[in-house]
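Peer 1: sequence and predicted structure are below.
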Amino acid sequence: IDLRFDHLDADTVAKAKLRVLDLLGCAIGGVPAYGNAALVNSIAGGGGKPEASIIGFGVKAPVAQAAMANGVISRSYDFEVMTVVVEGETIPSHHSPTTCMTALAFGEREHASGKDFLTALVMADDMAARLLAASGLDFFQGWDGAPVYSAIPATAIAARFLGLDALQTRDPFGLSVDQIAGTVQNIWDGASNWKLQQGLVSRNAVLSAELAKGGWAGLIDPLLAPYGFFAQYTAGCVRPELLTSHLGKRFYAEEYFKPYPACAATHASIECAMALKANYLIDPTKVARIEIFVPEPMLSVFVSKPFEPRRDPHCNANFSHQFTVANVLVHGSLKQEHYAFDAVRSQPIMSLVERSELRALPRGKAGVVIVVTMEDGQAHRKELRGVTSRFPTKHRVTMDEAVDKFRQQVAFSDYVERSAADEIIRRVDDLDRETDMADFMHLVTRTVSKKGVRIVS
């Protein structure tokens, strides 16, 4: 709560700016995704003060609703930065859409400076990383880590912008813990709400902070109570020292800037398939069989379920080894446009899916192996040991790479004019010099392509 911008080192600030650019790109690219118009239409129909912008729709809404919508929109293609690195340990995470969009909504409403916005964001991202690293993350509990580990950090942003002191801030933390939800069953079922909970956490965070400001009392010990955060939603606080080690001096955050719009658990398969396609010039119409070998525990995770495009085929495709490998063998890559409903269900994709199967690697072996057997009996094999080439333990993203990804999403959605995109990139790079985040958000939302704003209908 007492963190100031001058407490932040230059590298921490630079990384925060890259996350902001990444999330803005994901929001711009996420505008046309399935379900977003319906969500914004529901919000717009509810009225309320026009406090903060919903990116891509020409609509303003109360800060809680705007933060919720933008969190969902930026998660739409599962393309955003993820995965924290804490004390050398790399842990899957999905909190940046919630923290960034909550901070942006408050920054706009409060006309905050860029420094204040960045400070709130760094604080929240560090908190999320520490909570995650301290706990025993276990996907088999059924909780989705995206909302679970975003709830308290998003609430900290709201409490900071509402001016709550340290004692007052304990109450909204306790109130937000009572509102945590989100099950991975939606991914197993191919339901649309896999991305909704990313935004609901923001809405609940704002409510918790506002109630606390009005005098509501929350849990006395939100984190360590017998039925508090760690006991109720995680496998326990197994490394409590990480909650405070180098606190306020070392700042952790998400560092894997996804190169592919798909669940990160499929990225090794994607890279293997891309190498096979490039090295052997595989003709997908002449493939007899595809074998995808993954670590044995991965066979029990949702990305390994048999691919079937259901009512929301994007959800099924996004979290599927079978789909992503088939798609790469057909198209040579994986892009947002490949999730169009007709594209997901296309004959070339489904034909390869039907000829693919997942198998277990030898016990104890990591990585992924793909073997593509052609109709003439020739077999092509590719192995990726460990993690993908862009994973943070191997590679630190550059500004040029972040900009390229941003421009890719601008081109996909055709929402922002190229000149405006150039200005957004420049302003993000100078975000600590912004005097009014409302003016910055006006830039993000004011200039649209010749197609115009995608009006809610």
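Peer 2: Structure's in. What do you need? Being a predicted model, the structure only gives us computed values, none of them experimental.

Peer 1: show me where the chain dips below the pLDDT cut-off.
Peer 2: Residues of the chain that meet the criterion pLDDT under 70 lie in 1, 137, 139, 447-457.

Peer 1: could you find the closest non-adjacent residue to the residue of it most remote from its centre?
Peer 2: Most distant from the centre of the chain: D376, at 42.0 Å, with distances by Cα atoms, centre = their mean. Closest residue to D376 apart from its sequence neighbours, by Cβ to Cβ, 6 or more residues apart in numbering: K286 at 7.6 Å. From N, CA and C alone the C-beta is placed, and that goes for glycine too.

Peer 1: what's near enough to touch the nearest residue to A146 once chain neighbours are set aside?
Peer 2: The spatial neighbour of A146 that comes closest, neighbours along the chain excluded (Cβ to Cβ, 6+ apart), is H94 at 3.8 Å. By Cβ atoms under 8 Å, 6 or more residues apart in numbering, H94 lies in contact with R75, E80, M82, G145, A146, S150, Q198.

Peer 1: from those residues, which is closest to L431?
Peer 2: Nearest to L431 among these is E80, at 17.7 Å by Cβ to Cβ.

Peer 1: near the closest one, how many other residues are there?
Peer 2: 28 (other Cβ atoms under 10 Å).

Peer 1: quick check: it touching L24?
Peer 2: No: applying Cβ atoms under 8 Å as the test, E80 and L24 come out as separate, 10.2 Å apart.

Peer 1: okay, and the common contacts of the two?
Peer 2: Common neighbours of E80 and L24 (Cβ under 8 Å, 6+ apart) are S74.

Peer 1: before we move on, the earlier item: for the contacts of H94, name the two members farthest from one another.
Peer 2: Top of the distance list for the contacts of H94 (Cβ to Cβ): E80 and G145, 14.1 Å.

Peer 1: distance from the chain centre to stretch 209-218, please.
Peer 2: 29 Å (Cα atoms, centre = their mean, to the nearest Å).

Peer 1: next, the buried residues of that stretch.
Peer 2: A209, E210, L211, A212, K213, G218 (16 or more other Cβ atoms under 10 Å).

Peer 1: contact partners for the first one?
Peer 2: Under the criterion of Cβ under 8 Å, 6+ apart, the neighbours of A209 are T155, A158, A159, L162, L164, P172.

Peer 1: from S333, how far out is the residue nearest to D376?
Peer 2: 20 Å (Cβ to Cβ, to the nearest Å).

Peer 1: of the two, give the one with the bigger neighbour count.
Peer 2: S333 (13 against 10).

Peer 1: skipping its backbone neighbours, what lies nearest that one in space?
Peer 2: Nearest one to S333, counting by Cβ to Cβ, 6+ apart, is M274 at 6.8 Å.
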